[in-house]
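Q: Give me coordinates for this.
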Amino acid sequence: MANAFSVRPLRPRAGILAAWTLAEREVVRFLRQPNRVIGALGQPIIFWVFLGLGLRGSFRPQTPSGSVPYDQYFFPGVLAMIVLFTAIFSTISIIEDRREGFLQGVLVAPVERFWIVLGKVVGGTVLALLQSIVFLTLAPLAGIPLSLLGVLTTVLLLAVLGIALTSLGSVLAWRTDSVQGFHAVMSILLFPMWFLSGSVFPLEGAPTWLAWVVRLNPLTYGVAGIRRLLAIGGDSSLIPESVASLSVSIPITIGFAVVTFLWATRSARRY
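A: Numbering: from 1, shown residues only. This is a model prediction of the structure:
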């Protein structure tokens, strides 16, 4: 005999509505904080301008057709940085909602945890995607010509990467009790993950052990895919030989997204 107080989960239509509502809430909260909008875009632009232009004259990564300006090489890495930091830090709302009691109210709703995780992940991904698209318009300033096919495929890959990274942030947020603890974990995880992804320096000339660390980093293949897709309509010979091909980068990035999303769903179900 079923428990008299048990509630049968609602149909998928209700789950979709719940996911949509949670995703919309994330976007609205973000847009209502102008300082957060400015900071999210300002920091990557400062990184690109000062680090890219600062090293332009002294560091020129080698490619099959010669050297490439550092700010041009660095541009895909900054795109990945925007997605990485926006996607993961958007999941801080999980900790805040739990502390304020909102999350408890959501969890007792007759909706599968899958839809709750999906709403949070989609919301964070949309925020990351919108900001990366804004920054993508600056590509011509770095000497990267944009084609319609290149832009569309790059945006699709950025969306997949956003899902992967937001899901990863969700896993950590479900297991962390305080915002301060979350920031501490992120500081240890995020910067090494980004630095060791081919965003800042190519593998050419790197020690063997460091090259293997970069290859084992799943973000490496997201950055490689962005670099390859942005080259559509341009000169692909300006890409370092160590950058993984699209046939390798795209499946690994998709697999990264699937694994982290399933992991986030499992973490939510255990809460």
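Q: Please enumerate the helices of the stretch 101-250 of the chain.
A: Using DSSP state H, counting those that start in this stretch, the helices of the stretch 101-250 of the chain run over residues 102-107, 113-136, 148-174, 179-194, 208-216, 218-230, 246-269.
Q: Report the buried residues of the first one.
A: Yep, that's helix 102-107 we're talking about. 103, 106 (16 or more other Cβ atoms under 10 Å). For every residue, glycine as well, the C-beta is placed using N, CA and C.
Q: counting contacts, what elements does that helix pack onto?
A: helix 92-100, helix 113-136 (3 or more Cβ pairs under 8 Å, 6 or more residues apart in numbering; DSSP states H and E).
Q: Please identify the most buried of those helices.
A: Counting by mean count of other Cβ atoms under 10 Å, helix 113-136 has the highest mean neighbour count of these, with a mean of 23.
Q: just the angle between it and helix 148-174, please?
A: If you take axes from the mean of the first three to the mean of the last three Cα atoms, to 10 degrees, helix 113-136 sits at 130 degrees to helix 148-174.
Q: helices and strands around helix 113-136, which ones?
A: Using 3+ Cβ pairs under 8 Å, 6+ apart, the elements in contact with helix 113-136 are helix 12-31, helix 34-46, helix 70-89, helix 102-107, helix 148-174, helix 246-269.
Q: deepest of those helices, which one?
A: helix 70-89 (a mean of 25).
Q: from the middle of its chain, how far away would it be?
A: With Cα atoms, centre = their mean, to the nearest Å as the basis, helix 70-89 stands 9 Å off its chain's centre.
Q: Alpha carbons of it, as PDB, please.
A: Output in PDB follows, covering the C-alpha atoms of helix 70-89 (Å, rounded to 0.1, in the frame of the first residue of the first chain):
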ATOM      1  CA  TYR A  70      49.300  36.300 -29.200                       C
ATOM      2  CA  ASP A  71      46.100  38.200 -28.900                       C
ATOM      3  CA  GLN A  72      44.700  36.200 -31.800                       C
ATOM      4  CA  TYR A  73      45.800  32.900 -30.300                       C
ATOM      5  CA  PHE A  74      44.500  34.000 -26.800                       C
ATOM      6  CA  PHE A  75      41.000  35.000 -28.100                       C
ATOM      7  CA  PRO A  76      39.400  31.500 -28.100                       C
ATOM      8  CA  GLY A  77      40.800  30.900 -24.600                       C
ATOM      9  CA  VAL A  78      39.100  34.100 -23.400                       C
ATOM     10  CA  LEU A  79      35.800  32.800 -24.900                       C
ATOM     11  CA  ALA A  80      36.300  29.600 -22.900                       C
ATOM     12  CA  MET A  81      37.100  31.600 -19.800                       C
ATOM     13  CA  ILE A  82      33.800  33.500 -20.100                       C
ATOM     14  CA  VAL A  83      31.800  30.300 -20.400                       C
ATOM     15  CA  LEU A  84      33.700  28.600 -17.600                       C
ATOM     16  CA  PHE A  85      33.400  31.400 -15.000                       C
ATOM     17  CA  THR A  86      29.900  32.500 -15.900                       C
ATOM     18  CA  ALA A  87      28.500  28.900 -16.000                       C
ATOM     19  CA  ILE A  88      30.100  27.700 -12.800                       C
ATOM     20  CA  PHE A  89      29.600  30.800 -10.700                       C
END
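Q: Quick one: mean pLDDT over that helix.
A: Across helix 70-89, pLDDT averages out at 88.
Q: same for it, what does it pack against?
A: Judged by 3+ Cβ pairs under 8 Å, 6+ apart, helix 70-89 is in contact with helix 34-46, helix 113-136, helix 148-174, helix 179-194, helix 218-230.
Q: please redo it, this time with the cut-off set to 10 Å
A: If you count contacts as 3 or more Cβ pairs under 10 Å, 6 or more residues apart in numbering; DSSP states H and E, helix 70-89 packs onto helix 34-46, helix 53-54, helix 113-136, helix 148-174, helix 179-194, helix 218-230.
Q: Include distance to residue 91 and mean pLDDT when you put those helices into CSV, please.
A: Converted to CSV, these look like this (distance: least, Cβ to Cβ, whole Å; pLDDT from 0 to 100):
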stretch, distance to residue 91, mean pLDDT
helix 34-46, 14, 76
helix 53-54, 32, 76
helix 113-136, 6, 91
helix 148-174, 4, 93
helix 179-194, 8, 82
helix 218-230, 16, 93
